[in-house]
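Participant: need the 3D shape of this:
(4 chains)
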2 protein chains.
Amino acid sequence: MRADARDNRDRILAAAREAFADDGDVSMNQVARRAGVGAGTLYRNYPTREALVLAVYRQEVEQLVEAVPALLAEQPPLDALRSWTVDLVDAMRRKHGLGDALSATAHQAMAEQSYGPVIGAITALLEAGQREGVVRADADPRDFLQLTGALWRAASGPEDRSPQMLELILDGLTARP
Amino acid sequence: MRADARDNRDRILAAAREAFADDGDVSMNQVARRAGVGAGTLYRNYPTREALVLAVYRQEVEQLVEAVPALLAEQPPLDALRSWTVDLVDAMRRKHGLGDALSATAHQAMAEQSYGPVIGAITALLEAGQREGVVRADADPRDFLQLTGALWRAASGPEDRSPQMLELILDGLTARP
DNA sequence: GACCGTAGTGGAGAGTTCTCCACTTATCAA
DNA sequence: TTGATAAGTGGAGAACTCTCCACTACGGTC
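Facilitator: Numbering: from 1, shown residues only, chains lettered A, B, ... in the order given. So this is what the prediction gives:
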């Protein structure tokens, strides 16, 4: 990769980070202008808005993913899953566009490739529960991420119903004797 | 309302119905052109794409709503809820844009006003279950519609995981002794 | 240092959403 | 029948997304 290209890529990411921090609905054009590049350059580096959003919040998401082992060490699996999910939904709500980007990729190939880490985190949480026999055997991490999208949408509405919905989902995940 | 205005309104609806039947991603401009009206007229009648979509599929949705009493007469509440939901998700998948429109309105005031019927149908199904003590008391119809949105997204992916997700949700809805 | 192939660029352009307001016209009272 | 008038119209316009390709300039080679 050419040095100037890498420079542009970095400038775009920096500009996007600033712009998203200021306000959620920033146009791709605005990001490009702010970074001092043409629209073409922006789109070559980040082909979709989602790709850009995921790149911007990569660190935040990584932190969430890395927190999993500690959670599992401290709490029973279902409690760990509950508090992790609350944090995830919270991040989706605070970081504009992240909820859309994450739940859009839940059942796509893209998710496996670029956002495997999140799926990996959910897998670890579910498997811990399965090992203890408290989570049903057919629980699927992509399904859970998709449901998390619904949670986030509910949390963003006028009346936050996400706690109740989360309890319902966890209840549905629980293994029955 | 002026007669010519009503005429235009009807022509727009007819044009939209045709256009949506042909293909899901039709631009608002195309609908306007097809109906022979200006963009302004289209937007005055249907302020958002969602509003137009809901108007176009009103009958389909009404049929779904009206089917509830028969379902409840034939089957136990949870089975009725299951089969009704399968039909709803199926409609969301076949009728382009309906899934987005419905799940977007799940927790908004708009839903109560213009799509109360769907909420009403879900309420009837849930209450039947509650009366028999098989559905948890704190189940909320808007939450359920929101979860249905996730189901639809999952059903539209490469691998249809919606049956498993539906079982999980129904399991979560079940009242525990 | 000069050369050249190719990776990389920017912005014009086609298409979109949605708003605004100068104009047109249906309707009702006289 | 005829105005008056408020309801209704259309399309120009501003801003957007995303693509395409004529150009520019980086960096390995001599």
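Participant: got the phi/psi numbers for A:Ala135?
Facilitator: Careful, residue A:135 is Val and not Ala. phi -120, psi 140 (degrees, to the nearest 10).
Participant: which ones are touching it?
Facilitator: A:77-78, A:126, A:129, A:173-175 (Cβ atoms under 8 Å, 6 or more residues apart in numbering or on different chains). Quick note: C-beta positions are derived from backbone N, CA and C, even for glycine.
Participant: tell me what the host helix or strand of A:Gln164 is packed against?
Facilitator: Following DSSP states H and E, one finds A:Gln164 within helix A:162-173. Packing partners of helix A:162-173 (3 or more Cβ pairs under 8 Å, 6 or more residues apart in numbering or on different chains; DSSP states H and E): helix A:77-94, helix A:141-155, helix B:141-155, helix B:162-173.
Participant: got JSON lines for those, with mean neighbour count too?
Facilitator: Below are those laid out as JSON lines (neighbours: other Cβ atoms under 10 Å in any protein chain shown):
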{"stretch": "helix A:77-94", "mean neighbour count": "19"}
{"stretch": "helix A:141-155", "mean neighbour count": "24"}
{"stretch": "helix B:141-155", "mean neighbour count": "24"}
{"stretch": "helix B:162-173", "mean neighbour count": "20"}
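Participant: for the residue nearest in space to the middle of chain A, what are phi and psi?
Facilitator: Against the mean C-alpha coordinate of chain A, by Cα atoms, centre = their mean, the closest residue is A:Leu102 at 4.5 Å. In terms of degrees, to the nearest 10, the main-chain angles of A:Leu102 are phi -70, psi -50.
Participant: show me what secondary structure element comes after the least confident helix or strand in chain A by mean pLDDT.
Facilitator: Scoring the helices and strands of chain A by mean pLDDT, DSSP states H and E places helix A:109-114 at the bottom, with a mean of 57. Beyond helix A:109-114 in the direction of the C-terminus, DSSP H and E gives the next helix or strand as helix A:116-131.
Participant: rounded mean pLDDT for that next one, please.
Facilitator: Helix A:116-131 comes out with an average pLDDT of 96.
Participant: stretch A:45-52 too?
Facilitator: 96.
Participant: A:Arg161 reaches A:Ala154, doesn't it?
Facilitator: Yes: between A:Arg161 and A:Ala154 a contact is recorded at 4.8 Å, counting by Cβ atoms under 8 Å.
Participant: distance check, the residue lying closest to A:Arg131 once chain neighbours are set aside against A:Glu127.
Facilitator: Of all residues not flanking A:Arg131 in the chain, A:Pro77 sits nearest, at 7.9 Å (Cβ to Cβ, 6 or more residues apart in numbering or on different chains). Distance, A:Pro77 to A:Glu127, using Cβ to Cβ, to the nearest Å: 9 Å.
Participant: pull the helix holding A:Gln164 out as CSV, backbone CA atoms only.
Facilitator: Coordinates of each C-alpha in helix A:162-173 appear next as CSV, following Å, rounded to 0.1, in the frame of the first residue of the first chain:
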residue,chain,number,x,y,z
SER,A,162,-35.2,-3.2,26.8
PRO,A,163,-34.8,-4.6,30.3
GLN,A,164,-38.0,-6.5,30.1
MET,A,165,-37.2,-7.7,26.6
LEU,A,166,-33.8,-8.9,27.7
GLU,A,167,-35.3,-10.9,30.5
LEU,A,168,-37.7,-12.5,28.1
ILE,A,169,-34.9,-13.4,25.7
LEU,A,170,-32.7,-14.8,28.6
ASP,A,171,-35.7,-16.8,29.7
GLY,A,172,-36.1,-18.2,26.2
LEU,A,173,-32.4,-19.1,26.2
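Participant: report the distance from that helix to the chain centre.
Facilitator: 19 Å (Cα atoms, centre = their mean, to the nearest Å).
Participant: between it and helix A:77-94, how big is the angle?
Facilitator: 140 degrees (axes from the mean of the first three to the mean of the last three Cα atoms, to 10 degrees).
Participant: kindly calculate the angle that helix A:162-173 makes with helix A:141-155.
Facilitator: Going by the same axes, to 10 degrees, helix A:162-173 makes 160 degrees with helix A:141-155.
Participant: show the low-confidence segments of chain A, by residue range.
Facilitator: A:109-114 (pLDDT under 70).
Participant: show me which residues of it sit near DNA strand D.
Facilitator: By Cβ under 7 Å from any atom of the strand, the residues of chain A that approach DNA strand D are A:2-4, A:27-30, A:39-40, A:43, A:47-49.
Participant: turn those into CSV, columns for secondary structure and neighbour count.
Facilitator: Output for the residues of chain A next to DNA strand D, formatted as CSV (DSSP: H, G, I helix; E, B strand; the rest coil; neighbours: other Cβ atoms under 10 Å in any protein chain shown):
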residue, secondary structure, neighbour count
A:Arg2, coil, 7
A:Ala3, helix, 7
A:Asp4, helix, 8
A:Ser27, coil, 10
A:Met28, helix, 15
A:Asn29, helix, 10
A:Gln30, helix, 14
A:Ala39, helix, 12
A:Gly40, helix, 9
A:Tyr43, helix, 15
A:Pro47, coil, 10
A:Thr48, coil, 13
A:Arg49, helix, 17
